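# starting from these lines, generate the structure:
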Amino acid sequence: MYKELKKFKVTNQFSFTTEDSLAEVCNASEGSGVFLVFAVGDEKELIMVGSTGTVQNNGTLKIKNGGLKDKIVEGHQFAKTGRKYSWPAQMKIEDINTLEVVWYETFNDKTKVIPTFVEGQVLQNFLDENGRLPKWNVAF
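This next block holds a predicted model:
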C-alpha cells in the first residue's frame, strides 16, 4: 500500500462483484477523501484512484452531499451514468470478477489533507512505477 495513506485513521474497504448492489456493499463514509479501486484476480491490480471534497480559500471543506459513499456509488464513469451501473458493465467487458475498494478520509476534524493532493500523490507514485496511470483513470 502507498505510504502516504498510512496516516489516515478513518478508513475501510469492501469488495464488489457484478452480482452485488454497489449501494448495498459500499461501506464508505460521507466524509471527504480518496478511494482506490483494485481488480482482484490472480493478482491484485490498482485500476483507479478517485477523490471527493474541495478545500476552500478559508481552509474549510466544501463537500457534496453523501461524500465518499455517494462519489463511489453515483459518480459517473465510462458513460454519463453512475458507477453502480457502469462498473458491473465494465467488469463484464474486462472479465473482472471482483473489485476491492479501499477508502480513506483525508480531511476531517482531526486530519486536514486536501483529498485531490493525496489522489495526486498516489497517481504520481503509480506513474513513476508504471509509466502510466491506472487503466480506469482517464486523466489527471
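# now Glu94, nearest residue through space, not along the chain?
Ala39 (7.6 Å; C-beta to C-beta, 6 or more residues apart in numbering). In short, each C-beta sits where N, CA and C put it, glycine included.
# show me what contacts the one you found?
The contact partners of Ala39, by C-beta atoms under 8 Å, 6 or more residues apart in numbering, come to 45, 47, 94, 96, 98-99.
# contacts for the lowest-mean-pLDDT helix or strand in the chain, please.
Of all helical and strand segments in the chain, the minimum by mean pLDDT, DSSP states H and E falls on strand 61-62, at a mean of 84. Outside strand 61-62, the residues that touch it by C-beta under 8 Å, 6+ apart are 32, 53-56, 107.
# what subset of these is buried?
32, 53, 55, 107 (16 or more other C-beta atoms under 10 Å).
# how confident is the prediction for the second one, by pLDDT?
If I follow you right, that is Gly53. Note on Gly53: pLDDT of 89.
# count the neighbours of Asn57 for me.
As a burial measure, Asn57 scores 5 neighbours (other C-beta atoms under 10 Å).
# mind checking pLDDT for it?
91.
# can you confirm Asn57 is in a helix?
No. Going by DSSP: H, G, I helix; E, B strand; the rest coil, the assignment for Asn57 is coil, not a helix.
# hey, where'd the strands end up in this structure?
11-17, 32-40, 44-52, 54-55, 61-62, 98-107 (DSSP state E).
# of the ones you listed, which is nearest Trp136?
Across the strands of the chain, Trp136 has its closest neighbour in strand 44-52 (3.7 Å, C-beta to C-beta).
# and the closest one with strand 98-107, angle?
In terms of direction (axes from the mean of the first three to the mean of the last three C-alpha atoms, to 10 degrees), strand 44-52 departs from strand 98-107 by 40 degrees.
# list the helices and strands strand 44-52 packs on?
strand 32-40, helix 67-74, strand 98-107, helix 115-130 (3 or more C-beta pairs under 8 Å, 6 or more residues apart in numbering; DSSP states H and E).
# my guess is Phe126 contacts Pro134. True?
Yes. Using C-beta atoms under 8 Å as the test, Phe126 is close enough to Pro134 to be in contact (6.0 Å).
# fine by me, thanks again.
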